[in-house]
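In: Following is a predicted model, sequence given first.
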Amino acid sequence: MTKRIALLTFFAVLTISCGSGGSSGPTTPVGPEEFSLDYCRVVEVDNRMRVEWSANRITTGEFRYGQTVFTQLVNVTTPADTHSVALSTYSFSSLYVYRLTAIDAEGNRLEYTGDFETPDKATPEPIISQLRIQEITEASARVTWQTDEPASTILYYGEGVASDSITNSELAMDHVVLLGGLSSSTSYTVRPEAVDADGLRGVGTDSLFATAALLTLSLPATQLTLGDTVLVPVTIDAASDLAALQYSIVFSEGNIEILGISEGPFFDDNEGFNFFRAIANGDNRLTNTMTWVIEYNGNERIGTNADGSGVVAYLELRGLEPGPAGAEFAADSTFGLDMFAQMRTCSLRAGLITVIP
């Protein structure tokens with residue numbers, strides 16, 4: 001089933017009522033459940049050792065481990081009732097002892113001790129796994145992966161063929177590369193590689209991703225006669241699953257008056273919602289924020305109505321004095337959001353607004 005959601009408001013109400021009259025007799029006070037751990041274990045998951053635990057309360061934690069004494073410390077600062085945290089320093093085919101300290105919101109602490117054994121090394125070279133390409137925009141992407149032993153970070157990338165590279169020689173098991181300066185609407189190939197302390201190289205598989213289309217907002221060059229009014233369209237191009245748009249336009253001179261903002265067909269036909277609009281003639285500025293429905297298939301987001309190109313809005317302007325009024329989009333307050341709330345930068349094109357006698 002496909003459902004459409006524009007705005008959700010949740011109210012939680014808890015009501016406790018007691019009847020009057022009569023005697024209920026003695027009661028047993030009910031206190032909070034005693035703080036306890038459901039389980040704690042260290043296991044291998046996807047070629048990495050991980051500490052996992054669950055408690056009957058939200059906890060943070062401190063995990064200390066070592067072969068004979070606790071030489072390594074992992075601080076777990078994200079509150080949750082269940083944790084699974086990767087370890088980043090250990091030797092293969094070795095026995096370790098550990099101590100977990102789980103801490104609840106009130107500062108109560110529980111300790112759990114035990115031991116674990118690391119597996120034999122599956123291959124001499126580093127194994128690359130868990131490749132993820134996230135936070136994709138028109139010009140950038142975040143690439144992460146893991147290795148089963150400390151190794152350098154090497155990422156080959158390029159349009160079609162992975163020919164360029166980024167390298168960090170510091171040895172690590174969690175690898176992050178931020179790619180920048182990419183072209184919009186372009187398919188890229190990435191390939192992670194890693195070199196361990198012995199000089200052995202692990203090579204990952206090639207993966208593809210495409211950057212987002214560059215969202216374009218434009219305002220045409222316009223002439224209006226002194227004292228007359230005119231509707232100037234604000235046009236959008238290359239919208240793709242756009243969930244929200246905010247644009248702000250500043251006029252360089254005070255020889256026009258902003259009378260109003262009305263919706264264009266791209267807004268109306270795609271069932272948008274006008275979230276905010278403000279006209280500040282004293283500052284020669286207007287701001288408009290609008291949203292569109294996000295469509296779901298169950299819990300999966302499948303898109304929005306705002307795709308393609310068209311007129312988002314019409315600005316109603318009146319000429320007050322002859323001369324060029326200028327017009328430009330304020331880059332610091334003009335942006336889009338896709339259906340995953342990822343920022344969409346905009347190419348901004350504004351023509352000259354001129355009042356003629």
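Out: That came through, no problem.
In: can we go C-alpha only for contacts and neighbour counts from here?
Out: Noted.
In: Dump stretch 85-98 to CSV, restricted to CA.
Out: The C-alpha coordinates for stretch 85-98 follow below in CSV (Å, rounded to 0.1, in the frame of the first residue of the first chain):
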residue,chain,number,x,y,z
VAL,A,85,30.5,-1.7,18.5
ALA,A,86,33.4,-2.7,16.3
LEU,A,87,36.9,-3.1,17.9
SER,A,88,39.7,-1.5,16.0
THR,A,89,42.9,-3.0,17.6
TYR,A,90,43.6,-6.7,18.1
SER,A,91,45.8,-9.5,17.0
PHE,A,92,44.5,-12.6,15.2
SER,A,93,44.6,-16.1,16.8
SER,A,94,44.8,-14.6,20.3
LEU,A,95,43.0,-14.8,23.6
TYR,A,96,41.8,-11.6,25.2
VAL,A,97,40.2,-10.7,28.5
TYR,A,98,37.7,-7.8,28.8
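In: Can you list the buried residues in it?
Out: 85-88, 90, 96-98 (16 or more other CA atoms under 10 Å).
In: which of the residues you listed has the weakest pLDDT?
Out: The lowest pLDDT within these belongs to Ser88, with 89.
In: Surely it and His175 touch.
Out: No - in this structure, Ser88 is not within contact of His175 by CA atoms under 8 Å, at 11.2 Å.
In: circling back to that earlier point, mind checking which of the buried residues of stretch 85-98 are in strands?
Out: 85-86, 96-98 (DSSP state E).
In: between the residues you listed, which is nearest Glu159?
Out: Taking CA to CA as the measure, Glu159 sits nearest to Ala86 out of those, at 32.8 Å.
In: Grab the nearest non-local neighbour of that closest one.
Out: Taking CA to CA, 6 or more residues apart in numbering, and ignoring the residues beside it in sequence, Ala86 has Arg50 as its nearest neighbour in space, at 4.3 Å.
In: Reformat the ones in strands among the buried residues of stretch 85-98 as JSON lines; add distance to Gly66.
Out: Below are those laid out as JSON lines (distance: CA to CA, whole Å):
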{"residue": "Val85", "distance to Gly66": "16"}
{"residue": "Ala86", "distance to Gly66": "15"}
{"residue": "Tyr96", "distance to Gly66": "5"}
{"residue": "Val97", "distance to Gly66": "6"}
{"residue": "Tyr98", "distance to Gly66": "7"}
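In: so how many other residues sit close to the closest residue in space to Ile128 that isn't next to it in sequence?
Out: Computed as CA to CA, 6+ apart, the closest residue to Ile128 that is not its neighbour in sequence is Thr147, at 4.7 Å. Number of residues near Thr147 (other CA atoms under 10 Å) recorded here: 28.
In: Just list the residues touching Thr147, thanks.
Out: Applying CA atoms under 8 Å, 6 or more residues apart in numbering to Thr147 gives the contacts 47-48, 126-129, 172-175, 194.
In: Heading C-terminal from the helix or strand of the chain with the lowest mean pLDDT, find the next helix or strand.
Out: Counting by mean pLDDT, DSSP states H and E, the chain has its least confident helix or strand at strand 2-5, which shows a mean of 45. Scanning forward in sequence from strand 2-5 by DSSP states H and E, the next helix or strand is strand 37-45.
In: Does anything pack onto that next one? Which helices or strands?
Out: With contacts taken as 3 or more CA pairs under 8 Å, 6 or more residues apart in numbering; DSSP states H and E, strand 37-45 sits against strand 48-66, strand 109-117.
In: if you set the cut-off to 6 Å instead, what comes out?
Out: Applying 3 or more CA pairs under 6 Å, 6 or more residues apart in numbering; DSSP states H and E, we find strand 37-45 packed against strand 48-66.
In: Neighbouring strands - and their directions - for the strand it packs on?
Out: Next to strand 48-66 in the sheet, as set by DSSP bridges, lie strand 37-45 (antiparallel), strand 72-86 (antiparallel), strand 95-104 (antiparallel).
In: Out of those strands, flag the one nearest Glu111.
Out: Of all these, strand 95-104 sits nearest to Glu111, with 4.5 Å by CA to CA.
In: which residues touch the closest one?
Out: Here strand 95-104 makes contact (CA atoms under 6 Å, 6 or more residues apart in numbering) with 58-67, 109-117.
In: From the chain's centroid, how far away is it?
Out: How far strand 95-104 lies from its chain's middle: 32 Å, per CA atoms, centre = their mean, to the nearest Å.
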